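*Asks:* Sharing a sequence plus its predicted fold:
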Amino acid sequence: MSTSIPEKMKCILIKDGKGPAENLYMGEEKIPSLEPGQVLVKVRAFGLNRMDIMQREGKYPLPPQASKTIMGVEFSGEIVKTSAGELKSYNGEEWKQGDEVFGLAYGGAYAEYIAISSKMIIRKPSRLSWVEAAGIPENWMTAFQALFLEGGFKKGENVLVHAGASGVGVAANQLAVAFGADKVFTTAGTKDKVEFLNNLSGGKIHPINYREQNFEEEIKKIDEKGVDLVIDFGELYTCDVAGRIHADHLTGWGGTS
Ligand SMILES: NC(=O)c1ccc[n+]([C@@H]2O[C@H](COP(=O)([O-])OP(=O)(O)OC[C@H]3O[C@@H](n4cnc5c(N)ncnc54)[C@H](OP(=O)(O)O)[C@@H]3O)[C@@H](O)[C@H]2O)c1
């Protein structure tokens, strides 16, 4: 299969290197060159995360490998070029031109093309749209990691997810329900977010407006035993703004404000 690749690509850049959303503009850069072991992906969709916003505002230090000019850490797309190095995925799958993938990058996804290590992409299942696949790496994988790998969540447990209407919070809430939590409690800061969470997962999530209610008291009203696991995607637990709840496990991932 032959794919013609232009010399330059459209990408979203930031005027003056950082600033408000108004500083974003559509610019042009050279197509990234490939290091051994990398593939070139034609981007079909990319995710927008809180981290990008903090980065755009100059509040999130860039890792040394990241693009200095193009933001964006998650994407989906099609492999259009391969490099000379070994092109195996983390589980030994060999990549080739035409493969549909999604992946996680240090930056550079707000663009038509991205150069990415063959180890940082996964095959896109055909049942997922480009947009759905692009939203998985940063939100759903982080939520999975927090819930299962760090939090050791087990079926039948009670979970509390702070910043429940954040991208990662929405994923964690749905994963906890899908994997058989007894009760899922979650905090949010506005009425709109509480309403949204009430409608998520068929009403199986108990949202609490932490600005108006004490979450410890609200949880105890529903289940005296409290929760087994707290996942904090905000900074509520450490700031102690609206209550404290005992849990065997606490994982913290936030620091939004
Ligand atoms: N691998 C990782 O470690 C990893 C991966 C993904 C995300 N994260 C972290 O998880 C957190 C959430 O990320 P996200 O992309 O899911 O965020 P998001 O969708 O933008 O949601 C952020 C939430 O934080 C709360 N918040 C508190 N202070 C805020 C402020 N000053 N401005 C805006 N929102 C504020 C808001 O909830 P309320 O209004 O309900 O308070 C909001 O819903 C971030 O701190 C992010 O860096 C970590």
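*Replies:* Received it, and whenever you're ready, just let me know what you need.
*Asks:* so how far is the longest helix along the chain off the chain centroid?
*Replies:* Using DSSP state H to define each element, the chain has its longest helix at helix 167-178. Helix 167-178 sits 11 Å away from the centroid of its parent chain (CA atoms, centre = their mean, to the nearest Å).
*Asks:* counting contacts, what elements does it pack onto?
*Replies:* Packing contacts for helix 167-178, counted by 3 or more CB pairs under 8 Å, 6 or more residues apart in numbering; DSSP states H and E, involve helix 141-144, strand 158-162, strand 183-188. Yep, even glycine has a C-beta here, placed from its N, CA and C like the rest.
*Asks:* tell me which element residue 217 is part of?
*Replies:* Assigned by DSSP states H and E, residue 217 belongs to helix 215-222.
*Asks:* Between strand 158-162 and that helix, find me the angle.
*Replies:* Relative orientation of helix 215-222 versus strand 158-162 (axes from the mean of the first three to the mean of the last three CA atoms, to 10 degrees): 150 degrees.
*Asks:* buried set for helix 215-222?
*Replies:* Residues of helix 215-222 classed as buried: 215-216, 218-219 (neighbour count, 16 or more other CB atoms under 10 Å).
*Asks:* which parts of stretch 25-43 are buried?
*Replies:* By neighbour count on 16+ other CB under 10 Å, the buried set for stretch 25-43 is 27, 29, 31-32, 34, 37-43.
*Asks:* can the residues you listed go into a markdown table with extra columns for pLDDT?
*Replies:* What follows is those, written out as a markdown table (pLDDT from 0 to 100):
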| residue | pLDDT |
| --- | --- |
| 27 | 98 |
| 29 | 97 |
| 31 | 97 |
| 32 | 96 |
| 34 | 95 |
| 37 | 94 |
| 38 | 95 |
| 39 | 97 |
| 40 | 98 |
| 41 | 98 |
| 42 | 98 |
| 43 | 98 |
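*Asks:* between the residues you listed, which is closest to the ligand?
*Replies:* Within the buried residues of stretch 25-43, the smallest distance to the ligand is 19.2 Å, found for residue 43 (CB to the nearest ligand atom).
*Asks:* For residue 164, give me its contacts.
*Replies:* Residue 164 sits next to 170, 172-173, 186-188, 193, 197, 205, 207, 233 when contact means CB atoms under 8 Å, 6 or more residues apart in numbering.
*Asks:* just checking: which of the residues you listed also lie near the ligand?
*Replies:* Cross-checking the contacts of residue 164 against the ligand (CB under 6 Å from any ligand atom) gives 188, 193, 233 as the overlapping residues.
*Asks:* Can you pull out the low-pLDDT segments for the stretch 1-150 of the chain?
*Replies:* Across the stretch 1-150 of the chain, the ranges flagged by pLDDT under 70 are 1-3.
*Asks:* Recalculate using a threshold of 50.
*Replies:* 1-2 (pLDDT under 50).
*Asks:* For residue 168, see how far away whatever residue of it ends up closest to the ligand is.
*Replies:* Proximity of the stretch 1-150 of the chain to the ligand (CB to the nearest ligand atom) peaks at residue 50, 3.2 Å away. Distance of residue 50 to residue 168, given as CB to CB, to the nearest Å: 9 Å.
*Asks:* higher neighbour count, the two?
*Replies:* residue 168 (26 against 17; other CB atoms under 10 Å).
*Asks:* show me what contacts the more buried one?
*Replies:* Residues near residue 168 by CB under 8 Å, 6+ apart: 138-139, 142-143, 146, 233, 253.
*Asks:* nearest spatial neighbour of residue 196, skipping sequence neighbours?
*Replies:* What sits nearest to residue 196 in space, not counting adjacent residues and going by CB to CB, 6 or more residues apart in numbering, is residue 165, at 6.0 Å.
*Asks:* Do I have it right that that neighbour meets residue 188?
*Replies:* Yes. The pair residue 165 / residue 188 is scored as a contact, 4.5 Å apart, by CB atoms under 8 Å.
*Asks:* residues shared between the contacts of these two?
*Replies:* Joint contacts of residue 165 and residue 188 (CB under 8 Å, 6+ apart) are 196-197.
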